[in-house]
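Trainee: No sequence on hand, only this structure:
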């Protein structure tokens, strides 16, 4: 009988069609997730006019979906460690697509809040599980790149929301933006059929036959006998718990990642919720303001792919620090009444270094924790980030209600990026010391 480590097979074999299929399916899921998230910024000006909402009320209205995302991340991350990634992803997907469709039928702010909260539960659960699954099937040498490619779907979803908003909202109102959520439900049979379960989960459950069928797609040249047993090097870790995230000299790095997540998601949802409205008030046309949301997400896609590629070569912590520094500068410059061309460039950079960096943060979390607590680590980091996501639109509404000058608003908006850069610098130094200590111990 042979004991075969599936980690070695994933790391040592060429990336095949099966793994690229996982990238593609997870990217499709995140396109839908991203559409649901960024739909908020496209409909906000119309909702404010139709329901006569003040800026603080509009900010609070947006926060309900993000409040749901926080609970979704905290619930479905640990749950998937127990029931499997595939089930966790499917439940989350159905929950947020049905709730998003239902939002289009809301006739009052209260109904809107309820449906958005339920949709948020699903969105918050999908992302950490998709990241954990993709991280598991990607070889170490390409992990950052493959996770970033998958995550670029999130930004594509935002671009789809902005493009549809430009075409639909002026003529048909805000409701069709939510009706479109019915279309992704057609993907569910394909997801249930094609998306694989976590190999580590199957091995932990002693479901060897299922694990072997997946292994054969990753390493087709290896022939397994009935007596061979697949192993996963990380499956012997401690049971999933929040306390485990702070053990093994990970306390400082976990705390710094949480700070970075909080500030990064605050920025992502602050910009995605309020950027079109702020630019309209600054004198830009409705079409130009919605195009800014497209530019923000296009930057997010480019930043994620470039960041993943750079992270695989220079290390994710260094890249993340640099991205946050660039975010602080670009966000501050948006408020300087730039010509339209320069404005879109700054918004593109801001998207690349906030939305794109969010993706790199997820990859950083996935690399910090072993398999047994990875979904828990991703779920808690995402959950803490969701608190920042709730604060972002709410804070934006309160600040904009004070009617500060545009330049001052964006200088304030840049502060979380500075804090994130400092936190990730501490993380990078601590991580480097830990790696050096492990190397010395091994020598």
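Mentor: Structure's in. What do you need? The structure presented is a predicted model; accordingly, all values stated were derived computationally and were not measured.

Trainee: what does stretch 121-128 contact?
Mentor: Applying Cβ atoms under 8 Å, 6 or more residues apart in numbering, the external contacts of stretch 121-128 come out as 29-30, 33, 36-37, 65, 68-77, 79-80, 88-89, 91-97, 99, 154, 362, 375, 378-379, 381-383, 386. Quick note: C-beta positions are derived from backbone N, CA and C, even for glycine.

Trainee: Please indicate which of the residues you listed are buried?
Mentor: The neighbour-count test (16 or more other Cβ atoms under 10 Å) marks 29-30, 33, 36-37, 65, 68-77, 79-80, 88-89, 91-93, 95-97, 99, 154, 362, 375, 378-379, 381-383, 386 as buried among the contacts of stretch 121-128.

Trainee: Among the residues you listed, which ones are in helices?
Mentor: 29-30, 33, 36-37, 65, 68-77, 79-80, 88-89, 91-93, 95-97, 99, 154, 362, 375, 378-379, 381-383, 386 (DSSP state H).

Trainee: Could I get the full set of helices for the stretch 151-300 of the chain?
Mentor: Applying DSSP state H, counting those that start in this stretch to the stretch 151-300 of the chain gives helices spanning 175-179, 188-194, 199-204, 208-218, 251-281, 286-314.

Trainee: Nearest to residue 421 among these would be which one?
Mentor: Residue 421 sits nearest to helix 251-281 of all these, at 8.6 Å, using Cβ to Cβ.

Trainee: chain center to the closest one, what's the gap?
Mentor: Taking Cα atoms, centre = their mean, to the nearest Å, one finds helix 251-281 lying 12 Å from the centre of the chain it belongs to.

Trainee: who does that helix touch, helix- and strand-wise?
Mentor: Helices and strands touching helix 251-281, by 3 or more Cβ pairs under 8 Å, 6 or more residues apart in numbering; DSSP states H and E, are helix 17-51, helix 55-83, helix 286-314, helix 316-334, helix 340-368, helix 371-401, helix 406-413, helix 415-442.

Trainee: ok, 6 Å please
Mentor: Packed against helix 251-281 by the contact rule (3 or more Cβ pairs under 6 Å, 6 or more residues apart in numbering; DSSP states H and E) you find helix 17-51, helix 286-314, helix 340-368, helix 371-401, helix 415-442.

Trainee: Switch those over to TSV; also include mean pLDDT.
Mentor: Output for the helices and strands packed on helix 251-281, formatted as TSV (pLDDT from 0 to 100):
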stretch	mean pLDDT
helix 17-51	89
helix 286-314	85
helix 340-368	88
helix 371-401	83
helix 415-442	83
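
Trainee: nearest spatial neighbour of residue 194, skipping sequence neighbours?
Mentor: Leaving aside its chain neighbours, residue 194 sits nearest to residue 25 (6.1 Å; criterion: Cβ to Cβ, 6 or more residues apart in numbering).

Trainee: neighbours of that neighbour, just the number please.
Mentor: 22 (other Cβ atoms under 10 Å).

Trainee: Quickly note the distance from it to residue 131.
Mentor: Distance of residue 25 to residue 131, computed by Cβ to Cβ, to the nearest Å: 13 Å.

Trainee: just residue 111 next, same as before
Mentor: Applying Cβ to Cβ, the value for residue 111 to residue 131 is 32 Å.

Trainee: between the two, who's got more neighbours?
Mentor: It is residue 131, of residue 111 and residue 131, that has more neighbours when counted by other Cβ under 10 Å, with 26 against 13.

Trainee: Return the residues in contact with that one.
Mentor: Residue 131 sits next to 362, 366, 378 when contact means Cβ atoms under 6 Å, 6 or more residues apart in numbering.

Trainee: I'd guessed residue 411 sits against residue 332; true?
Mentor: Yes. With contact defined as Cβ atoms under 6 Å, residue 411 reaches residue 332; the gap is 5.4 Å.

Trainee: Next up, phi/psi of residue 3, please.
Mentor: Main-chain torsions, residue 3, degrees, to the nearest 10: phi -100, psi 120.

Trainee: Look up which residues are beta-bridged to it.
Mentor: Assessed by DSSP bridges, residue 3 has beta-bridge partners residue 229.

Trainee: In the stretch 101-250 of the chain, where is pLDDT below threshold?
Mentor: Within the stretch 101-250 of the chain, the ranges that satisfy pLDDT under 70 run 233-240.
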